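Engineer: got a predicted structure plus its sequence, pasted below:
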Amino acid sequence: MSAPKRVLILCTGNSARSQIAEGILHKESHGAYEVHSAGTHPGFVRPEAIEVMKEIGIDISHHRSKSVDEFAGRTFDYVITVCSRAGEHCPSFPGHPERIAWDIDDPAAIQGDGDRRLQAFRRVRDELVRRFRLFLLVQGE
């Protein structure tokens, strides 16, 4: 069995989109990928992200927001940015990983009541599920 491919998913705050993406790719790849997420300006994992992932059977309650600096010097096969701002501030990594840029709406930016915010997090989650399923299909996984 070959070593798992290494993926770093980047966002600005590492609080919602990248945390959701990390959980999804980890589950969908069944161990074929070593998945990490980080932010250019990390904050905290949003409770809404934890809640909407729990709805589909993925527990990210143990995740923490990490700085991209924690991964300096590490090699990755893929670096996926899930917001344009992170793409603009993405550092270089050794080994020339393939870069993939997805500009996903920030659900944490949605104002309003809890239901409206949860709907935004669900839309992002569902979009990331679709994108990662296609990603894995293209990769032959």
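Structural biologist: Okay, I see it.
Engineer: with adjacent residues omitted, what lies nearest to G43?
Structural biologist: Once flanking residues are discounted, G43 sits nearest to G13: 4.2 Å by CB to CB, 6 or more residues apart in numbering. (Each C-beta comes from the backbone N, C-alpha and C, glycine too.)
Engineer: okay, now A101: neighbour count?
Structural biologist: A101 has 15 neighbouring residues, counting by other CB atoms under 10 Å.
Engineer: for it, grab phi and psi.
Structural biologist: Torsion angles at A101 (phi, psi; degrees, to the nearest 10) stand at phi -120, psi 120.
Engineer: one step back: tell me the spacing between the residue nearest to G43 and V129.
Structural biologist: 21 Å (CB to CB, to the nearest Å).
Engineer: can you tell me the SS state at the residue nearest to G43?
Structural biologist: Under DSSP: H, G, I helix; E, B strand; the rest coil, the three-state class of G13 is coil.
Engineer: residue contacts, it?
Structural biologist: Going by CB atoms under 8 Å, 6 or more residues apart in numbering, G13 touches 39, 41-43, 65, 108.
Engineer: select only the buried ones of the residues you listed in ChimeraX?
Structural biologist: Buried members of these, defined by 16 or more other CB atoms under 10 Å, are picked up in ChimeraX with:
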select :39,42,65,108
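Engineer: which one of the contacts of G13 is nearest C90?
Structural biologist: Using CB to CB, G39 comes nearest to C90 of the contacts of G13, at 11.1 Å.
Engineer: report the beta-bridge partners for that closest one.
Structural biologist: C11, S67 (DSSP bridges).
Engineer: which residues of this protein fall in strands?
Structural biologist: For the chain, applying DSSP state E gives strands covering 5-11, 33-39, 78-81, 98-101.
Engineer: got a markdown table for the ones you listed, with distance to Q19 and mean pLDDT too?
Structural biologist: Below are the strands of the chain laid out as a markdown table (distance: least, CB to CB, whole Å; pLDDT from 0 to 100):
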| stretch | distance to Q19 | mean pLDDT |
| --- | --- | --- |
| strand 5-11 | 8 | 95 |
| strand 33-39 | 6 | 96 |
| strand 78-81 | 13 | 95 |
| strand 98-101 | 17 | 94 |
